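J.: coords below, sequence missing:
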């Protein structure tokens, strides 16, 4: 694939980002586009490796290795190298309903398992994916494709995040009449309100795809909270099948002294209100604001990074991100071999911006919170932390152990809890009498997606637990396939 000697001739290049000093002054996306010649050179680096792990989509050591939606990456790299952009777009859309989303927010496990990455920087797969779909939109190649025939079957999809959207798109393609129920005031779920605008533009990227889906026949109903203002049992009567894609939205809490103080919020509450304000009236209208505050973000991962980037744009006075894990190594450790996801140190966009403004990476590793302190009005005023080490207990499990005398106090007027999620909210499960697995997720076998209720399927984070956008798309497509098989007795969906 590509140029046989391309991986020898060309070095890995990435698009030039807007500088941190520039981009923190607005909420626009921060990546520039690469010129076509350079993109084709990057595609030429794709080796004729014979063992393209990039599109395997397997879990290795509990982490994604290769593309979970099995994008045929070597094929569209070859097409881009040869300048066949429209053909590359067709090949990309074969496996991915929303490459403009994954090309922006996916952490690219495909690159972590690239064969070239064994001894050289891997192929810039994510950059090329984003370039293909962006060119497709610019050239007018991405057009609505409503089904030629309707089956007469009606399907309700609960939740409009990446799993719900991919399920809806595929079921609509099969000819079913699809209604997507979303409890927020706009469709898009995590894509709309969980990911900040500078990573994924809402109007120019998310709403554009949603409008296309509507033109194809998908109906979106917002402010429809199933279990509250929409009766779950009525959906069973009104629709031939239901696909539940509500996500894992129950946040992990931090039950320490002072947790009930004002000024301590879950990360998703902060990110949601920030994006709502940006879309409705401007960022200054956000009811949870970081302006002139000392901000503490507790937890790492993408959500923690998004909180950092948002707080910097709000004009925080200082920012610190607390990580309970150790600082990753600069290079792959011996126990983290290819094609596992490389657990190495990196500065994501939020940390880059904080470092540019305040002079250093905001993360404090091997640190956990001991308690929160208050001012006279009951607002949070400090976060008291302690250093930890990881040691094995009598069961052989690694547990955090406090380091004596390591307490430290950070000033704080805004604290954001970004420690992950425990699973789906339970009200809908109870209303429909759905069985749950030991982790409180909806019980449904991977690959089949059927719950204990006939005609009810579950996909995405509500079934598998907190995961990547690309896994949600994988599951939404899979659930649509099995739902179509249930409705029609057979299916042609992939």
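T.: Good, I have the coordinates. Source: prediction; values computed, not measured.

J.: can you pull the contacts of residue 259?
T.: With contacts defined as Cβ atoms under 8 Å, 6 or more residues apart in numbering, residue 259 is in contact with 253, 372. C-beta coordinates here come from the backbone N, C-alpha and C atoms, glycine included.

J.: and with 7 Å instead?
T.: Under the criterion of Cβ atoms under 7 Å, 6 or more residues apart in numbering, the contact list for residue 259 reads residue 372.

J.: What part of this protein, helix or strand, is modelled with the least confidence?
T.: strand 63-65 (a mean of 85; mean pLDDT, DSSP states H and E).

J.: Pull up the pairing partners for that strand, direction included.
T.: strand 58-60 (antiparallel) (DSSP bridges).

J.: Domains in the chain, by residue range?
T.: 6-138, 154-249+422-488, 253-419 (automatic domain parsing).

J.: Of those domains, which is nearest residue 144?
T.: Smallest distance to residue 144 across the domains of the chain (Cβ to Cβ): 3.8 Å, for domain 154-249+422-488.

J.: If you average the pLDDT over that closest one, what comes out?
T.: Per-residue pLDDT values across domain 154-249+422-488 average out to 96.

J.: can you check stretch 331-349 too?
T.: The model assigns stretch 331-349 a mean pLDDT of 92.

J.: Kindly report the same for stretch 276-291.
T.: On average, stretch 276-291 scores 93.

J.: And the residue nearest the centre of this structure?
T.: residue 469 (4.0 Å; Cα atoms, centre = their mean).

J.: Can you classify the residue at the greatest distance from the centre of the chain by secondary structure?
T.: For the chain, the C-alpha farthest from the mean C-alpha position belongs to residue 376; by Cα atoms, centre = their mean, that distance is 39.1 Å. For residue 376, the assignment made with DSSP: H, G, I helix; E, B strand; the rest coil gives coil.

J.: Check residue 178 too.
T.: Look at residue 178: counting by three-state DSSP, its state is strand.

J.: What is the burial count for it?
T.: When neighbours are counted by other Cβ atoms under 10 Å, residue 178 registers 28.

J.: so how far is residue 205 from it?
T.: Counting by Cβ to Cβ, to the nearest Å, the separation of residue 178 from residue 205 is 22 Å.

J.: Residue 308 now?
T.: For residue 308, the distance to residue 205 - Cβ to Cβ - is 22 Å.

J.: Likewise for residue 306?
T.: When residue 306 is compared with residue 205 (using Cβ to Cβ), they lie 16 Å apart.

J.: So for the two, which sits in the more crowded spot?
T.: Higher neighbour count among residue 306 and residue 205: residue 306, with 27 against 22, using other Cβ under 10 Å.

J.: How about the secondary structure of that one?
T.: Following three-state DSSP, we place residue 306 in the helix state.

J.: Quick one, grab the pLDDT at the closest residue to residue 10 other than its chain neighbours.
T.: Once flanking residues are discounted, residue 10 sits nearest to residue 41: 4.7 Å by Cβ to Cβ, 6 or more residues apart in numbering. Residue 41 carries a pLDDT score of 96 in this model.
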